[in-house]
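Asker: sequence-free structure coming up:
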């Protein structure tokens, strides 16, 4: 009996350190760094004329990445700009009266018509006086009256033209000119949008992870020419066992270390898988390779681009 108790105690003494060591190792989870890359291409095919970045370079939002040939699109934009200028000039012409020289010409003709009216009035009065003495026939008097009435009508017509010369075009003509201008502006916006699609720009600050083409090469529609890695799209991926799953939650803190990292990198848990899976073959862990585990992702805080996709890390829960 005493011998059995001694054997049992010896076994406990042997097992206890191993169990403690396993519990200690369970607090460190092997994982790796993953990057969600942005593949930058253009919707239309073309020949690359400029590659403005290189691998490993940091770019800022709005910075040019590469450009395709755009001679046709540039010419179309120039034609659209000219069409807008023409339409705007026609509308302005409709909104104002005649030019000063044209108005002066109307005034000159009006002065001439007024002089003719005065002369016709004098001739009519003379004919009426002579008619009373019988020296002029009724027919001559009628012709004098007709000339006077024509002179009066001529003055009235030119006075109306002078008033009209200071007015804009009719309302329907103005609306038509406005519609033509809007159409030209829409075509210009379309031409500028098409031209803009011949150049690719960074949408956010990022690391140029790789380039796939050189100037002079033909690029198919939608084919990427540059891959970017924004800082916010770097994450830790590691796996935890079912026994630990209940102790972690979204927003929880983690701490990652890697070979060559000067200090631990903090992160926050952003995703916890709801599906169990077997330990991936890239995770070399003797303790958990036969257990079901759950994928956990965490976003690093601080300089995320100091990490490299595929880099192995050790993660501890905080």
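Answerer: Perfect, thanks for sending it. Remember, predicted model here, so these are calculated numbers, not experimental data.
Asker: those helices in this protein, which residues are they?
Answerer: 2-26, 71-95, 100-133, 138-165, 171-196, 242-245 (DSSP state H).
Asker: for residue 39, find the nearest of the ones you listed.
Answerer: helix 171-196 (19.1 Å; Cβ to Cβ). In this view, the C-beta of every residue, glycine as well, is placed from N, C-alpha and C.
Asker: before we move on, back to that, weakest of the helices of the chain by average pLDDT?
Answerer: Lowest mean pLDDT of these: helix 2-26, a mean of 40.
Asker: domain ranges for this structure, per the record?
Answerer: 26-37+231-317, 39-70+199-229, 80-191 (automatic domain parsing).
Asker: can you redo those as CSV with mean neighbour count?
Answerer: As requested, these are exported to CSV (neighbours: other Cβ atoms under 10 Å):
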stretch, mean neighbour count
domain 26-37+231-317, 16
domain 39-70+199-229, 16
domain 80-191, 14
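Asker: sorry, back to before: relative to residue 52, which of the helices of the chain is closest?
Answerer: helix 171-196 (15.4 Å).
Asker: residue contacts, the nearest residue to residue 253 once chain neighbours are set aside?
Answerer: Closest residue to residue 253 apart from its sequence neighbours, by Cβ to Cβ, 6 or more residues apart in numbering: residue 318 at 4.1 Å. By Cβ atoms under 8 Å, 6 or more residues apart in numbering, residue 318 lies in contact with 252-255, 266.
Asker: distance check, residue 318 against residue 192.
Answerer: 51 Å (Cβ to Cβ, to the nearest Å).
Asker: do residue 213 as well
Answerer: For residue 213, the distance to residue 192 - Cβ to Cβ - is 25 Å.
Asker: re the thing from before, and which of the contacts of residue 318 is nearest residue 28?
Answerer: For these, the nearest to residue 28 is residue 255 (10.1 Å; Cβ to Cβ).
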